[in-house]
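Chemist: next one to model:
(one chain, ligands or ions: 1)
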Amino acid sequence: MKFRTLGKTGFKISEVSLGTWQLGGKWGDPFDEKDAAATLEAAYESGVNYFDTADIYQDGQSEHAVGEFLKKHPDVHYSTKMGRKLEPHTPASYSKENLTAFVDSSLQNMNVESLDLVLLHCPPTSVYYDPTVFWTLDELKKAGKIQNYGVSVERVEEAEKALQFNISAVEIIFNMFRLRPAEHFFAEAQAANVGILARVPLASGLLSGKYTTATTFGKADHRSYNRNGAAFDKGETFSGVDFATGVKAADELKQRLGTDNLADLALRYILMYDAVSTVIPGASKPEQIIANAQAAELPAFTDQQLAIVQDVYDQYIKNPVDYLW
Ligand SMILES: NC(=O)c1ccc[n+]([C@@H]2O[C@H](COP(=O)([O-])OP(=O)(O)OC[C@H]3O[C@@H](n4cnc5c(N)ncnc54)[C@H](OP(=O)(O)O)[C@@H]3O)[C@@H](O)[C@H]2O)c1
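Modeler: Residues are numbered from 1 along each chain as shown. Just a heads-up that it's a prediction; the model follows:
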């Protein structure tokens, strides 16, 4: 495993990390504590030292599992996120009172005295225009409850706006099917010493290349119920790519890159960008993170391979996905 610095946090984190949205089983399954612990251990054994969680994942059980894991492995780092529990999820609800309560609840859930990195969890766009939200985060930092803060964004423009504040890192969707952040944000982030957590690196599994147009997903899996954005931003599911188009594009990538295992290459591709601090693939079983950790060891892409990725993107994905986020 190789390591990179996560922006202003100064944390040296593994190039491949673990996203814990679906920790402890498949999306929608009841949370399984043993499965969760096994996945976290498998990641650690494979060299992973960074974990991305959120207060809302598995209703706090993901945070709790990472907290328990930290007791055994205090050397690891993590981000957690807050804001998506707000009902209604409005800009006004990002108040000092609510943010402080969320931080207190995450501290309790994870059983730690100070949180490594807290991200606003895809807040409404106008929150990026409300400095009082970020001043509250400054106060929480001063009080020692959090060590760093940042944002998890839907759109490139939100990420750019957030650079006005004292953020340490940005979590953003970036993968072979979502290239716009590299063109419009990475250089600015790097210049500001802001780390980048590349989320949804496999386009919700599409870029593993294992699905066919006949593949179905469980009822409680967002890949069933959020395909058209019924529950949250549709860009979070398959990176906003129409499923059949995504399968076709992934098949073409496999064929032209000459591989059956597209997941490895999809992760290695993201690491071609120096601005990226780490990729955070999710795993529905330990074997997946063990395999994903190997991606960091693959050789760099050749110019020819890079051109294939761009060509497939331009042909199948760019229009209209590029314009939406
Ligand atoms: N708003 C936000 O801030 C936000 C939103 C989304 C995600 N995230 C973070 O980003 C992380 C990653 O996103 P994600 O989990 O949604 O998407 P992802 O990493 O793009 O895809 C994860 C899925 O890919 C498949 N997979 C993973 N490794 C594989 C392998 N080696 N071989 C074959 N298939 C493999 C699995 O699908 P199967 O289940 O079908 O096996 C897995 O559930 C999350 O866990 C979370 O921490 C944050």
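
Chemist: use CA for all of it now, contacts and neighbours both
Modeler: Fine.

Chemist: dihedrals phi and psi, the residue nearest the centre of the chain?
Modeler: The residue at the geometric middle of the chain, judged as the C-alpha nearest the mean C-alpha position with C-alpha atoms, centre = their mean, is R199 (2.6 Å). Reported as degrees, to the nearest 10, the phi and psi values for R199 are phi -100, psi 160.

Chemist: isn't it right up against M176?
Modeler: No - R199 is beyond contact range of M176, at 11.9 Å (criterion: C-alpha atoms under 8 Å).

Chemist: contacting residues around the nearest residue to the residue nearest to the centre of the chain once chain neighbours are set aside?
Modeler: For R199, ignoring the flanking residues on the chain, the nearest one in space by C-alpha to C-alpha, 6 or more residues apart in numbering is I173 at 4.8 Å. Applying C-alpha atoms under 8 Å, 6 or more residues apart in numbering, one finds that I173 lies in contact with E154, A198, R199, V200, P201, E236, S239.

Chemist: out of those residues, who has the most neighbours?
Modeler: With neighbours taken as other C-alpha atoms under 10 Å, the top of these is P201, carrying 31 neighbours.

Chemist: contact partners for the closest residue to it other than its chain neighbours?
Modeler: The spatial neighbour of P201 that comes closest, neighbours along the chain excluded (C-alpha to C-alpha, 6+ apart), is N175 at 4.9 Å. Applying C-alpha under 8 Å, 6+ apart to N175 gives the contacts A198, V200, P201, L202, A203, A266, L267, Y269, I270.

Chemist: equivalent analysis for A231, please.
Modeler: Remark: with contacts taken as C-alpha under 8 Å, 6+ apart, A231 is in contact with Y225.

Chemist: that one is in what secondary structure piece?
Modeler: When elements are defined using DSSP states H and E, A231 is found to belong to no helix and no strand.

Chemist: what comes up buried for stretch 191-204?
Modeler: Within stretch 191-204, the residues scored as buried using 16 or more other C-alpha atoms under 10 Å are 192-204.

Chemist: before we move on, what about stretch 262-277?
Modeler: Applying 16+ other C-alpha under 10 Å to stretch 262-277 flags 262-271, 275-277 as buried.

Chemist: ok, stretch 126-136 next?
Modeler: Using 16+ other C-alpha under 10 Å as the test for burial, stretch 126-136 gives V127, Y128, V133, F134, T136.

Chemist: how about the last one, nearest residue that isn't a chain neighbour?
Modeler: Using C-alpha to C-alpha, 6+ apart and skipping residues adjacent in sequence, the residue nearest T136 is K96, 5.9 Å away.

Chemist: gap between that neighbour and D138?
Modeler: In this structure, K96 lies at 11 Å from D138, with C-alpha to C-alpha, to the nearest Å as the measure.

Chemist: for the protein, give me the ranges with low pLDDT.
Modeler: Along the chain, no part satisfies pLDDT under 70.

Chemist: so D138 is in which element?
Modeler: Under DSSP H and E, the secondary-structure element containing D138 is helix 131-142.

Chemist: what's next to that helix, contact-wise?
Modeler: Contacting residues not belonging to helix 131-142 are listed as Y94, S95, K96, L99, T100, V127, I146, Q147, N148, Y149, F165, N166 [C-alpha under 8 Å, 6+ apart].

Chemist: could you list the alpha-carbon positions for it in CSV?
Modeler: Output of helix 131-142 as CSV, limited to C-alpha atoms (Å, rounded to 0.1, in the frame of the first residue of the first chain):
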residue,chain,number,x,y,z
PRO,A,131,-20.5,31.7,6.4
THR,A,132,-22.1,31.2,9.9
VAL,A,133,-22.2,27.5,9.2
PHE,A,134,-18.5,27.4,8.7
TRP,A,135,-17.9,29.7,11.7
THR,A,136,-19.7,27.2,13.8
LEU,A,137,-17.4,24.5,12.5
ASP,A,138,-14.4,26.8,13.4
GLU,A,139,-15.8,27.1,16.9
LEU,A,140,-16.2,23.3,17.3
LYS,A,141,-12.6,22.9,16.1
LYS,A,142,-11.4,25.5,18.7
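
Chemist: what about the strands in the stretch 51-200 of the chain?
Modeler: Applying DSSP state E, counting those that start in this stretch to the stretch 51-200 of the chain gives strands spanning 77-82, 118-121, 149-152, 169-173, 195-199.

Chemist: the first one vs strand 169-173, what angle?
Modeler: Calculated by axes from the mean of the first three to the mean of the last three C-alpha atoms, to 10 degrees, strand 77-82 forms an angle of 70 degrees with strand 169-173.

Chemist: contacts only, for the residue nearest to the centre of the chain.
Modeler: With contacts defined as C-alpha under 8 Å, 6+ apart, the neighbours of R199 are G19, E171, I172, I173, F174, V279, I280, P281.

Chemist: give me the subset of the contacts of I173 touching the ligand.
Modeler: By C-alpha under 6 Å from any ligand atom, the members of those lying near the ligand are R199, V200, P201, E236.

Chemist: residue in the stretch 51-200 of the chain with the shortest distance to the ligand?
Modeler: In the stretch 51-200 of the chain, no residue comes nearer to the ligand than V200, which is 3.4 Å away by C-alpha to the nearest ligand atom.
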